[in-house]
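> Make a model of this:
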Amino acid sequence: MIEVKFLTMLREIVGMGTIEIERKETIPLLIEYLCKKYGKKFSEAIVDEKGSLKEHVRIMLNGKEVKNLDARINEGDTVLIFVPIAGG
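Have a look, this model is predicted:
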């Protein structure tokens with residue numbers, strides 16, 4: 001199992017801050033799974049019309065920001081996904 005945490009608007013869309021799921025091999029496979037599970041509103045929040053991760057979405061794996069989306073996810077890992085809030 002892996003732990004997936006959501007912050008900001010994604011927490012509201014999912015309806016909870018943390019879920020546990022079976023391990024996915026890579027970040028793109030995890031994102032694909034989450035988009036199918038949480039539907040259109042979740043998908044529109046994190047991926048563009050081509051299916052690529054939107055540039056403002058942040059993903060952290062075990063406390064470190066993911067720069068390489070092909071990063072492997074291992075059993076017991078924690079993934080944090082959020083959209084930073086900009087203020088003015």
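> can you pull out the strands in this structure?
Taking DSSP state E as the test, the strands found in the chain are 2-6, 18-21, 58-61, 64-65, 78-82.
> Same list, the ones you listed, but as a markdown table with distance to L29, mean neighbour count and mean pLDDT please.
No exception for glycine: its C-beta is placed from N, CA and C like everyone else's. Formatted as a markdown table, those follow (distance: least, CB to CB, whole Å; neighbours: other CB atoms under 10 Å; pLDDT from 0 to 100):
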| stretch | distance to L29 | mean neighbour count | mean pLDDT |
| --- | --- | --- | --- |
| strand 2-6 | 11 | 19 | 97 |
| strand 18-21 | 11 | 13 | 96 |
| strand 58-61 | 13 | 17 | 96 |
| strand 64-65 | 19 | 8 | 94 |
| strand 78-82 | 11 | 20 | 96 |
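> With respect to P28, which of the ones you listed lies nearest?
Nearest of the strands of the chain to P28, taken as CB to CB: strand 58-61 at 10.5 Å.
> List the pairing partners of that closest one within its sheet, with orientation.
strand 64-65 (antiparallel), strand 78-82 (antiparallel) (DSSP bridges).
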